[in-house]
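*Asks:* Return a 3D structure for these sequence lines:
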Amino acid sequence: MIRRSLLVPAALLLAWPLSAATKPSFDDLIANLKSPNAKTRQDAAAALAKSRRREAVTPLAALVRDPEFKVRLEVVRALRDLRDASGVPALVTLLGDGEAEIRQESIAALVEIYTEKERSGPVGRFLQVFSDEVDRTSIGPNVRVEPSVYEGLDKCLHDESADVRESAALALGILGGSGKTRDLVAAFSDPVPAVRAAAATALGKVGAQEDGRALIPLLADESLEVKNRALQALGVLRVTEAGPALRELYEQNRRKEWGVKVLATLSRIGDPAQAELFLQLVQDPDPDRKRLAVEGLGRISDSSRLPAFKKDYQRERNDEVKLAYSFAITRMGDRAFLDSIVLTLPSRTLGTRSRDYILEMGRPILPDLYPYLNDPDAEVRAALCDIIGLLGDPESIPRLQPLLGDPSASVADRANRAVERLKRGSASGQ
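*Replies:* Residues are numbered from 1 along each chain as shown. The predicted structure is shown next:
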């Protein structure tokens, strides 16, 4: 007698091989892109995005003019996820799509591909936050952006959608569109404040000091966001011609929060004409204003003030202000005070500012940094590997290579990344 538990219904026997065969193969998905059913094409594009196979790019690109919005949107997302440069021409084409959402998604996709940055959240928020992460462009030293990308983004600066115009401006800054500075300046007249603000940020990333003069009128913009973005860009570009306008704004807002932001830009510019103001503020009881004044005098770099600054350094009790004195004195020519900056790199509260000070002083400070690669503190060695990699001098490679065998795994890993970064930068410059 056959036991009932061993019996398998005939329906299940027939269904088993059928269900195993329902998952389409890669070739099936490619074929489905040509289906007369829009939902089938959409689903195929979504599945091909997960395949991570670059062979999917060409058949996906063939759908950039698909009559269905949802299919084209899925194509944008798939090309973004495949992360292959061969998909760039299709995305450039999609910058001219009839749907604003697709145009904006295409802008973000291009940014993600070239910067190897993965987006989370809405497009506009992603581009704005990412744009704020660094002062200048965000592409790697060995990355070459296709000229057609810049041309497509330039056209989007005149888009009927304000969101697209804003995204295009931010993307030009992130991707290093230095050839589009005139177009970014023209966007300062856009009727939408968010677009003007994005154009100001972008100009700060790709412009030169002379381009920054066009930012000065934005200090009188009706939008606070535009004014704040203009302040940031003026500081990045060190536009000394903005000194008088900034000084007037500071005097009008001396005891307001915005006045401190204006002072931060004045300090960053390092305008010698503002030295008198900085000397007054060195005596200010507010540590933020005092720190900014010390930094400003440091950037002016008048070495005649060295003796007085060294005395003030010894008497200063506030750690942030004291670190600013170390920066200023180093800028004025006494490299012994670099020691305080380097040894503060591991600090949770002051480490970021120390890092920024060193990066601001740039490549000339490198010879004074190399001895610290032998510092007994592994966190100092690791932080310096990152900084030296960012400073981008290929001649630093021999200095970093001994750290590839560092007893600290973190130091060895970061030394390796810095060396590879410098090698890529050297190769791209040849």
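*Asks:* alpha carbons only for contacts and neighbour counts from here, please
*Replies:* Will do.
*Asks:* For stretch 385-400, which outside residues touch it?
*Replies:* Stretch 385-400 has contacts (C-alpha atoms under 8 Å, 6 or more residues apart in numbering) with 355, 358-359, 362-363, 366, 370, 373, 411, 414-415, 417-419, 421-423, 425-426.
*Asks:* Can you flag which of those residues belong to helices?
*Replies:* If you go by DSSP state H, those have 355, 358-359, 366, 411, 414-415, 417-419, 421-423, 425-426 in helices.
*Asks:* Who wins on neighbours among the residues you listed?
*Replies:* Within the ones in helices among the contacts of stretch 385-400, most neighbours by other C-alpha atoms under 10 Å means Ala415, with 29 neighbours.
*Asks:* pLDDT score assigned to that one?
*Replies:* Predicted confidence (pLDDT) for Ala415: 98.
*Asks:* Number of residues surrounding the closest residue to it other than its chain neighbours?
*Replies:* For Ala415, ignoring the flanking residues on the chain, the nearest one in space by C-alpha to C-alpha, 6 or more residues apart in numbering is Cys385 at 5.2 Å. Here the number of neighbours of Cys385 (other C-alpha under 10 Å) works out to 26.
*Asks:* quick one: secondary structure of Cys385?
*Replies:* Per DSSP: H, G, I helix; E, B strand; the rest coil, the secondary structure class of Cys385 is helix.
*Asks:* What's the separation between it and Phe126?
*Replies:* In this view, Cys385 and Phe126 are 28 Å apart by C-alpha to C-alpha, to the nearest Å.
*Asks:* For Ala202, give me its contacts.
*Replies:* Counting by C-alpha under 8 Å, 6+ apart, Ala202 touches Ala169, Leu170, Ala171, Leu172, Gly173, Ile174, Leu184.
*Asks:* what pLDDT, on average, does the strand or helix carrying Ser267 get?
*Replies:* If you go by DSSP states H and E, Ser267 is part of helix 257-269. Taken as a whole, helix 257-269 has a mean pLDDT of 95.
*Asks:* Can you pick out the most distant pair from the contacts of Ala202?
*Replies:* Spanning the widest gap among the contacts of Ala202 are Ile174 and Leu184, at 13.0 Å by C-alpha to C-alpha.
*Asks:* coming back round to it: could you dump the contacts of Ala202 into CSV and include neighbour count?
*Replies:* Below are these laid out as CSV (neighbours: other C-alpha atoms under 10 Å):
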residue, neighbour count
Ala169, 30
Leu170, 31
Ala171, 29
Leu172, 31
Gly173, 28
Ile174, 28
Leu184, 29
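*Asks:* with those residues in mind, which one is nearest to Asp221?
*Replies:* Taking C-alpha to C-alpha as the measure, Asp221 lies nearest Leu184 of the contacts of Ala202, at 16.1 Å.
*Asks:* wait, what's in contact with the closest one?
*Replies:* Ala169, Ala199, Ala200, Ala202, Leu203.
*Asks:* one step back: from the contacts of Ala202, which single one is nearest Ser106?
*Replies:* Nearest to Ser106 out of these is Ala171 (C-alpha to C-alpha; 10.8 Å).
*Asks:* The closest one contacts Leu127, doesn't it?
*Replies:* Yes: taking C-alpha atoms under 8 Å as the definition, Ala171 is a contact partner of Leu127 at 7.2 Å.
*Asks:* Now list whatever residues contact both of those two.
*Replies:* Common neighbours of Ala171 and Leu127 (C-alpha under 8 Å, 6+ apart) are Ala108.
*Asks:* got any ranges where this structure has weak pLDDT?
*Replies:* 1-21, 120-121, 124, 141, 426-430 (pLDDT under 70).
*Asks:* how does it divide into domains?
*Replies:* Each domain of the chain is listed here as a residue range: 25-94, 116-237, per automatic domain parsing.
*Asks:* Dump the ones you listed into a markdown table; add distance to Arg299 as well.
*Replies:* What follows is the domains of the chain, written out as a markdown table (distance: least, C-alpha to C-alpha, whole Å):
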| stretch | distance to Arg299 |
| --- | --- |
| domain 25-94 | 42 |
| domain 116-237 | 12 |
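*Asks:* so which of these gets nearest Arg331?
*Replies:* For Arg331, the closest of the domains of the chain is domain 116-237, at 17.6 Å, according to C-alpha to C-alpha.
*Asks:* coming back round to it: out of the contacts of Leu184, which sit inside helices?
*Replies:* In this view, the contacts of Leu184 that belong to helices under DSSP H are Ala169, Ala199, Ala200, Ala202, Leu203.
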